[in-house]
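**Student:** 3D, please:
(3 chains)
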Amino acid sequence: MSEQSLEHSQDKRPTRWHIAVFLAPALLVYTAVMILPLFGTLQLSLFRSVDNVQVFTGFDNFRTLFGDPRWSASFWNALGNNTWFFIIHMLVQNPIGILLAALLSSPKLRFSAFYRTAIFIPTILSFVIVGFAWKLILSPLWGVAPNLLDLVGLKSLFVPWLGKEEYALTALSLISVWQFVGIPMMLIYAAMLSIPDEVIEAAECDGVTGFSQFWKIKLPLILPSIGIISILTFVGNFNAFDLIYSAQGALAGPNYATDILGTFLYRTFFGFQLQTGDPNMGATIASMMFFIILTGVCVYLFLIQTRLRRYQF
Amino acid sequence: MKHRLLTGLLMASSILGSAGIALAQDTTLTIESWRNDDLAIWQEKLIPAFEAKNPGIKVVFAPTAPTEYNAALNAKLDAGSAGDLITCRPFDASLELFKKGQLADLTSLAGMENFSDVAKSAWQTDDGKASFCVPMASVIHGFIYNKEAFDKLGITPPATEEEFFAALDKIKADGTYIPMAMGTKDLWEAATMGYQNIGPNYWKGEEGRLALIKGEQKLTDADWVAPYTTLAKWKPYLGDGFEAQSYPDSQNLFTLGRAAIFPAGSWEISVFNTQAQFKMGAFPPPVQKAGDTCYISDHNDIGIGLNAKSKNADAAKTFLTWVASPDFATIYANALPGFFSLNSAAVKMEDPLAQEFVSWREKCKPTIRSTYQVLSRGTPNLENETWVKSANVINGTETPEAAAAELQKGLDSWYKPAK
Amino acid sequence: MSKAATSLPRTIGAHAILLTYTVIALFPVIVIVVNSFKSRAAIFRSPLTLPTAETFDLVGYTTVMAQGDFIQYFQNSLTVTVASLFFVLLFGAMAAFALSEYRFKGNTIMGLYLALGIMIPIRLGTVAILQLMVASGLVNTLTALILVYTAQGLPLAVFILSEFMKQVSDDLKNAGRIDGLSEYRIFFRLVLPLVRPAMATVAVFTMIPIWNDLWFPLILAPGEATKTVTLGAQVFIGQFVTNWNAVLAALSLAILPVLVLYLFFSRQLIRGITSGAVK
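**Tutor:** From the prediction side, this is the model:
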């Protein structure tokens, strides 16, 4: 927690009711509609259903998840895929977002409102639309992608990407990047606009312009925003589900090559086709996802965030 | 009347469906279904026919997309907000609901006597003592072909496997048409239209299926690997990039006249009738050698049951009895050619393609899909694994033997056949 | 303002990059919209051409219009989104202010507690949430959706807003306190206007998943009167999956309202970002 801003509050009034008033509505709704149902579900991971009665079994489900070769193979496969999904977002989505924001925030750029608006459009589309649109474009039958490659004489480069084990996950990650690049762009853009003009002017007086200005002046100032974006990307990616589900189905084909934790969880928890849902194992997977994300968030909160200098303007 | 008013009021207060609020004086039944394709047929043909005969009962057909159906239905059943009538998947999925007490026992429902034991088998307990869904329809697998393409190339519908591949070679050599419209992207297409379509000829239908359940045969036996070996040979005859070709892609490929053969289920008939501009024919899965007995997959696919918690059980039973009647069978089978009635009363069908499919029942031995009964009760789920493996085999990323061995290993991990 | 001359090549470079990316961003959307106006054969034969006199066909749209009440669905989506957005922003900002402004016992714990929600998909609590709604008679009402989305949006809102609120100058708030402003006035009059850009960001973040959600409308409010646009489009796509005219028309229609809404909000959003930026 930030140091300076909390100083004064250790003050005289005995009961500060306003704190409770500020917190109450959020706490109430959040606890009743989200936390209680979620923990109701997560605790199922410690039980097993025997003849429709939940029996407490301690950590047996976790032992199954990691000990049983089939369960653990599926879990590690999903975790590995999920990590790759995240890496692509960090390496492609966030740098592109920062680049676009940096270009957009230069004060004399014309049409910047147009670019800004247009680039953000994919982000507002639903997964149903995104999944469907890209399936059409990449479809070997419909042929937008093969046609386009043909135009530049590269038709031989066309591969049915979504159907090949070695490409499908990367292709989907890039589609997801395409969809969400607007979010880091907007956040960084907002951060860059809030850099005071005096700072930039001072830099320019010293002859620091262009790329070195970005690198030496702006980047350090927007580091906290980049931190937030990274952790949001992490949380978002490890909770991802919808795109893979709408493009590849719940079995995340081909041969589970696009299975991430979210789809693995969905299949297990709710079941699929003839497979009936297994809330206990589903909750076990969900608990693991929860721990993974919690670890990531803690690393961010306690190791990274405290080292980032925050500037008050 | 007073009773009906009371149930109506109860109904309205329980908010089972938005329509229930508006029509408090009538009983409103809500049907949960995955058949969103059939929405128009229910609204325009089936429901009016029922309501005309049963004033005071309104019916709302509320379908969910097939992929979300099971998950959404289970959540609603657990929480108690599901509709009165539940469309039943065959075998284990519905049996599970019955065991949990979410589907009512319909053994003594008036009208159940209209169905044979085979028809009822998909929605009964293992001992056959209790039935919990009224059988509605079965679907038959086979191949639909473009008649104009066959005529132009001088091909007749193949009866044996040798003729089948000869035909494919001929279509491929000619180059006008893609020989076969099938993709592996959606996985189930490979398993259902591929493996379960041609498989019964190899494992001898019911004989092999029951032996597998009893543990007398294994998926690694020659008869069970052979369909995979044949499927692997399909690859060169599929369209470019079939790995990323989805099921709707395949349908369009065929109905646009760009492919000559479509490995099909009979449910395609009504869709194809409206979209294809050419004449179509159908042939059953080719046998290995001329003179072999042919087997077809005639799979009980849809039933309808009663939500055990329904507040309108009486009205719902009236509806179910109607569904069990020959009246319903006739309307349904003709409105949806390709969904064949399971009713013992003979149903007259107009559609020639549907007649062709159903005529195979006379010369071939019918069976149901091998993975549906008993074998899909555990994890890993045999049906779902079969989807993945069938796609792998056609894609050429796994050999038939390896796929079969994996499937058997998965099955062995939880299934112990009764000795 | 900066006076250093921006060199021409650099400007051209910037435009080239931005333009390229704009094309990438818009291309799939344009392909869908353009093809929705063509006949079935033309869609497959030449997906990349504009509709001509022969290939122009509105059959997709007539099919869509004959089915389902898309205007009603749109109103439902709008109601749910706007109401949830309002509660998320108000409650979220209040809680974020309490966490970032005051030091009290359990502050850190409270912060972590409120952040838990971004780590578990709320979808997991479906059955319990549905039971809650059944018990309170809220099934098939928009209120149920608004409650769920408010709860779902709060953790992220608190997380982002408290981050931004820490950047608001203490001097300003202390000056307010010396002037005798109550804590509530300090929050509503001084702090809220200053974090407007963050609020706009949170608004966009919150709005998108709500508008596009398929799962909770399906479970909590599948009735015809409460169907949202996304659910309507999904049911429709399922029903006409091989009728590409209809599917493309439905997709175009589903894109259009969000697009208009976004273009409208986008100006607000940018105005919020620029005017609120603390200089």
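
**Student:** how about the helices in chain C?
**Tutor:** Here chain C has its helices, by DSSP state H, at C:8-35, C:40-45, C:59-66, C:70-101, C:107-115, C:126-135, C:142-165, C:170-178, C:183-185, C:192-194, C:196-212, C:215-220, C:229-239, C:244-276.

**Student:** The stretch 201-350 of chain B now?
**Tutor:** All helices of the stretch 201-350 of chain B, identified by DSSP state H, counting those that start in this stretch, fall at B:205-214, B:222-232, B:247-255, B:268-275, B:313-323, B:326-335.

**Student:** what do you get for the stretch 51-200 of chain B?
**Tutor:** Counting by DSSP H, counting those that start in this stretch, the helices of the stretch 51-200 of chain B are B:66-79, B:92-99, B:117-120, B:147-153, B:161-174, B:188, B:196-198, B:200-203.

**Student:** Check those for me: which has the lowest mean pLDDT.
**Tutor:** Among the helices of the stretch 51-200 of chain B, helix B:66-79 has the lowest mean pLDDT, at a mean of 84.

**Student:** for the chain, which spans come out with low pLDDT?
**Tutor:** In the absence of a named chain, chain A is used. Where chain A drops to pLDDT under 70, the residues are A:1-14, A:143, A:308-313.

**Student:** looking at chain B here, not the other one
**Tutor:** Applying pLDDT under 70 to chain B flags the ranges B:1-25, B:419.

**Student:** which residues touch the most centrally placed residue in it?
**Tutor:** Central residue of chain B (CA atoms, centre = their mean): residue B:301, 3.8 Å from the mean position. Residue B:301 makes contacts with B:90, B:137-139, B:267, B:339, as judged by CB atoms under 8 Å, 6 or more residues apart in numbering or on different chains. Placement of C-beta: from N, CA and C, glycine included.

**Student:** circling back: pipe the helices of the stretch 51-200 of chain B into JSON lines and attach distance to residue A:82 per row.
**Tutor:** Formatted as JSON lines, those follow (distance: least, CB to CB, whole Å):
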{"stretch": "helix B:66-79", "distance to residue A:82": "21"}
{"stretch": "helix B:92-99", "distance to residue A:82": "29"}
{"stretch": "helix B:117-120", "distance to residue A:82": "45"}
{"stretch": "helix B:147-153", "distance to residue A:82": "46"}
{"stretch": "helix B:161-174", "distance to residue A:82": "41"}
{"stretch": "helix B:188", "distance to residue A:82": "24"}
{"stretch": "helix B:196-198", "distance to residue A:82": "32"}
{"stretch": "helix B:200-203", "distance to residue A:82": "39"}
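
**Student:** closest one to chain C among these?
**Tutor:** helix B:66-79 (3.7 Å; CB to the nearest CB).

**Student:** Remind me what that closest one packs against, helices and strands.
**Tutor:** Helices and strands touching helix B:66-79, by 3 or more CB pairs under 8 Å, 6 or more residues apart in numbering or on different chains; DSSP states H and E, are helix A:261-270, strand A:271-272, strand B:27-33, helix C:126-135, helix C:215-220.

**Student:** show me the contacts for the residue in the stretch 1-150 of chain A that chain C sits nearest to.
**Tutor:** Residue nearest to chain C within the stretch 1-150 of chain A: residue A:37 (3.0 Å; CB to the nearest CB). Applying CB under 8 Å, 6+ apart, we find residue A:37 in contact with C:122, C:124-129, C:132.

**Student:** how near is the closest residue to residue A:267 other than its chain neighbours to residue A:263?
**Tutor:** Among residues not flanking residue A:267 along the chain, residue A:250 sits closest, at 5.2 Å (CB to CB, 6 or more residues apart in numbering or on different chains). Residue A:250 sits 6 Å away from residue A:263, going by CB to CB, to the nearest Å.

**Student:** try residue C:39
**Tutor:** 37 Å.

**Student:** okay, the two: which has more neighbours?
**Tutor:** residue A:263 (26 against 17; other CB atoms under 10 Å in any protein chain shown).

**Student:** my read: the more buried one touches residue A:241, true?
**Tutor:** Yes. Contact status for residue A:263 versus residue A:241: in contact at 6.0 Å, counting by CB atoms under 8 Å.

**Student:** check contacts around the most centrally placed residue in chain A.
**Tutor:** Nearest to the geometric centre of chain A sits residue A:236, at 2.2 Å (CA atoms, centre = their mean). By CB under 8 Å, 6+ apart, residue A:236 lies in contact with residue A:180.
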